[in-house]
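S.K.: show me the folded form of this:
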Amino acid sequence: MTQCNITLSEKMVRDLFLHGCEGVMKDLMELVLNQLLLSRAEDKCNAKPYEQTEERKDYRNGVRERSFVTRLGKIELAVPRLRGQSVVEGLFEKYRRSEQAIIAGVAEMVVKGISTRKVNAVADVLFGTGISKSQVSRMCAVLNPVVAEFRSRPLEKWYPFGLVDAIYLKVRENERVISKALYIAIGVNTLGRREVLGFMMSKGETEAAYVEFFKSLKARGLERFDFLTSDNHEGLRAAIQKEFLGVTWQRCQTHFTKNMLDKVPKKMWHDVKALLYDIYTAPTKEQAKERADEAVRQLSAYAPKAAALLDDSFDDITAVFSLPVKYRQKMRTSNMIERLNGEIRRRDSAIRIYPSDDSVMRILGTVLLEQSEAWCADRVYVDMKEYFLHKESAKTSTTVYRAQSETESSDGEVAVNNEKGVRVA
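M.R.: The predicted model follows:
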């Protein structure tokens, strides 16, 4: 191998003696690596620059400028180019591994809610050079295949419980900033564990967009829910009725309480909340109905619009009474998905405006992926044994009721026929 002689300038030697390593090691590292690359090129060619020999194996083809971010800072290299082979092959494998670690670290910082300004400051301290917003976006692109795999994974056919909601985000599109809706669906599976079923971006909350979202879930294997909780968005309700026919729909009681308070004077808020709480916590639906009727009677004189809303919405806000008591508290509101939205908002506050839809799906998709994995690894959200017994009991009761109905119908037909003198065997 050709010997590599490193020549230090007088200034570099003086700085080493006067200032030690501070500010000099980066220049020294750059010098050593460039000399190493020249020596390696000579070995590959088996000849020095411009040397004409019969033993020459390759020819030079200029140089290529390349920069590397190291712990000492950013260094510039002049990499010799050869016609038939590579000078750097296998030389920077360790650097590539370090580079991948840096990229993964930057992506993790962004997902955890650290702003690009802070990422830039951290990079400047660690590596002596900052990272621009575009560089951060390119680094976060490593998350794309992970999120894509999560979004396309197969789903179970049946989820006993589900929640659906949309959260609005600011996205840059065609040189302007607009609000877009991120649809999110959560399911509680037959093991009693929560998971994020899917998410989708759209320009607004419409029935067509919700139908598209539900179809994307069904294309991955989902067939039905038993019980769905959401707010009272008209497009969402219509899409649920269209795509999940026969599902029991629960109107979020928290959202309904806010709707009621909007229709009464502020001085009545405390009393209205107390009336609604009595309805929500009734032991049975029959008792809830009695309390609701009394509340409607009291409100009719002072807040007729609120009284009419309560009367019209009673069945929607009390659908949860069809479940055993232990499941009512968890499914009577959409608090589960609202807490997830709060976590998204925490990450969103560091970004505020996303450069594209892809950026939203990449960053917030990773947040949803991590949350779903945490739920699956956590303890069971709700024990489903009592629910399955409840379903079996309801199925048995339905079968008995149908059998009795058929018997009564048959007996009635026999009686009529006997009156007509028809002989019955």
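
S.K.: close enough to count as contact, Lys285 and Val320?
M.R.: No - Lys285 sits out of contact with Val320 when judged by CB atoms under 8 Å, with a separation of 9.2 Å. C-betas here are computed from N, CA, C, even on glycine.

S.K.: tell me which of these two has more neighbours.
M.R.: With other CB atoms under 10 Å as the criterion, Lys285 and Val320 differ in neighbour count, and Val320 comes out ahead with 23 against 16.

S.K.: do you know the pLDDT at the more buried one?
M.R.: Residue-level confidence at Val320 comes out at 97, pLDDT.

S.K.: next one: Val211
M.R.: Here the pLDDT value assigned to Val211 is 96.

S.K.: mind starting the numbering at 2 from now?
M.R.: Sure thing, new numbering starts at 2, so read that last one as Val212.

S.K.: who touches it in this structure?
M.R.: 240, 243-244 (CB atoms under 8 Å, 6 or more residues apart in numbering).

S.K.: that one: what secondary structure?
M.R.: helix (DSSP: H, G, I helix; E, B strand; the rest coil).

S.K.: again, but for Gln251
M.R.: In the three-state summary, Gln251 is assigned as strand, counting by three-state DSSP.

S.K.: closest one of the contacts of Val212 to Phe226?
M.R.: For Phe226, the nearest member of those is Glu244. The distance, counting by CB to CB, is 10.0 Å.

S.K.: what about the nearest residue in space to the closest one that is not next to it in sequence, how many residues nearby?
M.R.: The spatially closest residue to Glu244, leaving aside those adjacent along the chain, is Phe215, at 4.1 Å (CB to CB, 6 or more residues apart in numbering). Applying the criterion other CB under 10 Å, we find 22 residues in the vicinity of Phe215.

S.K.: what are the buried residues along the one helix or strand Phe215 maps to?
M.R.: Under the criterion DSSP states H and E, the helix or strand holding Phe215 is helix 208-219. Within helix 208-219, the residues that qualify as buried by neighbour count (16 or more other CB atoms under 10 Å) are 208, 210-212, 214-215, 217-218.

S.K.: beyond that helix, next helix or strand please.
M.R.: Next along the chain after helix 208-219, taking DSSP H and E as the criterion, comes strand 225-231.

S.K.: would you map the strands across this structure?
M.R.: All strands of the chain, identified by DSSP state E, fall at 61-71, 74-83, 159-174, 177-189, 195-203, 225-231, 249-252, 354-355.

S.K.: about what we covered before: contacting residues around the residue nearest to Glu244?
M.R.: Taking CB under 8 Å, 6+ apart as the definition of contact, the neighbours of Phe215 are 240-241, 244-245.

S.K.: could you dump the residues you listed into a markdown table with distance to Ile345 and pLDDT added?
M.R.: Compiled in a markdown table, the contacts of Phe215 are given as follows (distance: CB to CB, whole Å; pLDDT from 0 to 100):
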| residue | distance to Ile345 | pLDDT |
| --- | --- | --- |
| Ala240 | 22 | 96 |
| Ile241 | 22 | 96 |
| Glu244 | 24 | 96 |
| Phe245 | 24 | 96 |
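
S.K.: for the residues you listed, which one is nearest Thr282?
M.R.: Ile241 (26.1 Å).

S.K.: show me how the record splits the protein into domains.
M.R.: For the chain, automatic domain parsing gives the domain ranges 2-92, 103-153, 157-378.

S.K.: is Trp250 bridged to anything, and to what?
M.R.: The residues listed as beta-bridge partners of Trp250 by DSSP bridges are Leu229.

S.K.: so how many other residues sit close to it?
M.R.: Applying the criterion other CB under 10 Å, we find 18 residues in the vicinity of Trp250.

S.K.: how far away is it from Gly85?
M.R.: When CB to CB, to the nearest Å is applied, the distance between Trp250 and Gly85 equals 70 Å.

S.K.: OK, contacts around the residue nearest to Ala239 when sequence neighbours are not counted?
M.R.: Leaving aside its sequence neighbours, Ala239 sits nearest to Glu208 (CB to CB, 6+ apart; 4.6 Å). Under the criterion of CB under 8 Å, 6+ apart, the contact partners of Glu208 comprise 235-237, 239-240, 243.

S.K.: returning to what we had before: let's see the ChimeraX selection covering just the buried ones among the contacts of Val212.
M.R.: Isolation of the buried members of these (16+ other CB under 10 Å) is achieved in ChimeraX through the command below:
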select :240,244
